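Novice: A predicted structure for the sequence below; I have some questions about it.
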Amino acid sequence: MDETSDQLMQSLIAKTRPGYSFEQDFYTSEAVFKADFDQIISRKWLLAGHVSRIPAKGDYFLFRVGAEQIIVIRENATSVRAFFNVCRHRGSTICQSESGNAPKLVCPYHAWTFGLDGRLLAARLMPEDFDKAENSLFACHVRVFHGLVFINLSEDEPDDFDATFGDMGPILDYHGIAEARIAHAGSYPTTANWKLVVENFFECYHCVPSHPEFCSMHAAESIVAVGAGPSSGPADAVAAFAPKVQAWEESAAALGRPIGTIDEPATSSHLRLLMQRMNKPGWAAETQDGSAPAPLMGKRSKPDGGRMHLSFSPFSQIVADDHFVILFQFTPRSALVSDVEMIWLVDGRASEAEVDIEKMIWGYHATTSQDKVITENNQTGIMSSRYRPGRYSDQEGSVIKFQQWYLNQFGAKPVA
């Protein structure tokens, strides 16, 4: 950050009251968004998609974050690359389609041609002293982890991926995510600041008044205690629910599920989370009637009636049960615009006839459509001259932790 941005952020941080929502500028200011992008968004590993989108050599898709466009492309059977969508000649975008196949990356402006490894192969009529080797595409850090494609925009070396996420490997392997296939994708662009999108996802205080479909799929006690993760509800509700979770964990472990909880502190780099618990009694899956919409996923031989919420970071989430997995991507685009994308995965061996897509997407399509409306309404209200930071409830513990994590990214120490 430059000195002016740092002064702005420190001034806003000084005004933040523990246990209250942020000052207006945190949610509305383009200057704050630029600081967010420079200090947080561009430095984190972001879930860009699933590798099944690019099965063949030259297959690509674009991932947009802020003003950046990243080309995620398959170089060969074992390598996936990522490049900034910027020609090294005069800056034109190279790929205009959201996805496709490109044997070579050819800029449509002046036909500069790049290989799938990013090297400049051809540039017409250039001076004799022009060095093609110095004009490769700008690479973006990329990792494929159990079929999930992550990118990192850092100019310097980012956080070590394996050290940051390696312990999540066993649960992803158990769900068979690397071998899964995309059954459905949904887009819910939201006219709101990315922090409002995340805060909404990180609390279930709003679930009862806002999400009848979601509430119908979950026991009331679980919504209050752990509706948005292991530290989201009141302490007494969490304690009362814990013995039931423990009993389910023992039975699920006996069937082979890796058991564990991750609830990282506000001082962590990515604020990771892993919460596993049982479904509503009698519910096999998170569907309208509780019945399974698809075959079992991954390494399961029997269903264990469980539900998983895994957070790689505030930007990248997974919700999964025995039969399907949902990838959530919360991607900041500007101070007042966020992309919300959902990808439903099913077992790679499942045929089209075995997957009831309408049944599978019913609950979370409705819930995310509702979240779009309530988050946009929240943003509209925050734009008012009468907005003032409001007190958090006892069911918004995860939001308080997210707020402290966010402030910690700018050097502010979390409040005990």
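Specialist: Right, received. Where do you want to start?

Novice: C-alpha from now on. contacts and neighbour counts both.
Specialist: Will do.

Novice: did I read that right, residue 186 in a strand?
Specialist: Yes: per DSSP: H, G, I helix; E, B strand; the rest coil, residue 186 lies within a strand segment.

Novice: contact partners for residue 171?
Specialist: 257, 258 (C-alpha atoms under 8 Å, 6 or more residues apart in numbering).

Novice: please report how far residue 104 lies from residue 112.
Specialist: Applying C-alpha to C-alpha, to the nearest Å, the value for residue 104 to residue 112 is 10 Å.

Novice: between those two, which is the more surrounded one?
Specialist: residue 112 (18 against 15; other C-alpha atoms under 10 Å).

Novice: thought the more buried one was touching residue 120?
Specialist: Yes: counting by C-alpha atoms under 8 Å, residue 112 touches residue 120, with 7.4 Å between them.

Novice: who is the residue nearest in space to the middle of the chain paired with across the strands?
Specialist: In the chain, the centroid-proximal residue (C-alpha atoms, centre = their mean) is residue 316; its distance is 1.6 Å. The partner list for residue 316 in beta bridges (DSSP bridges) reads residue 313, residue 329.

Novice: wait, it touches residue 49, no?
Specialist: No: between residue 316 and residue 49 there is no contact under C-alpha under 8 Å: 10.0 Å.

Novice: flag the shaky bits of the protein, pLDDT-wise.
Specialist: 1, 414-416 (pLDDT under 70).

Novice: quick check: can you list the domain ranges of it?
Specialist: 3-43, 46-152, 166-408 (automatic domain parsing).

Novice: now the ones you listed as TSV including distance to residue 160?
Specialist: As requested, the domains of the chain are arranged in TSV below (distance: least, C-alpha to C-alpha, whole Å):
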stretch	distance to residue 160
domain 3-43	11
domain 46-152	11
domain 166-408	10
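
Novice: got the contact list for the helix or strand where residue 398 lies?
Specialist: Using DSSP states H and E, residue 398 falls within helix 397-408. Outside of helix 397-408, the residues within contact range by C-alpha under 8 Å, 6+ apart are 13, 18-19, 199, 202-203, 228-229, 231-234, 265-268, 271, 314, 392, 413-415.

Novice: hmm, 7 Å instead?
Specialist: With contact meaning C-alpha atoms under 7 Å, 6 or more residues apart in numbering, helix 397-408 is reached by 19, 199, 202, 203, 231, 232, 233, 266, 267, 414.

Novice: ok, now stretch 198-217?
Specialist: With C-alpha under 7 Å, 6+ apart as the test, stretch 198-217 has contacts from 223, 227-228, 232, 280, 286-288, 314, 363, 366-367, 395-396, 398-399.

Novice: only whichever of those residues are buried, select them in PyMOL.
Specialist: Listed next is the PyMOL selection for buried residues among the contacts of stretch 198-217, using 16 or more other C-alpha atoms under 10 Å:
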select buried, resi 223+227+228+232+280+286+287+288+314+363+367+395+396+398+399
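
Novice: residue 82: which of the contacts of stretch 198-217 is nearest?
Specialist: residue 314 (21.9 Å; C-alpha to C-alpha).

Novice: residues contacting the closest one?
Specialist: 198, 271.

Novice: before we move on, what about residue 322?
Specialist: Residue 322 touches 296, 297, 303, 305, 306, counting by C-alpha under 7 Å, 6+ apart.

Novice: so which residues of the stretch 101-250 of the chain form strands?
Specialist: Here the stretch 101-250 of the chain has its strands, by DSSP state E, counting those that start in this stretch, at 105-106, 113-114, 120-122, 141-145, 148-152, 181-187.
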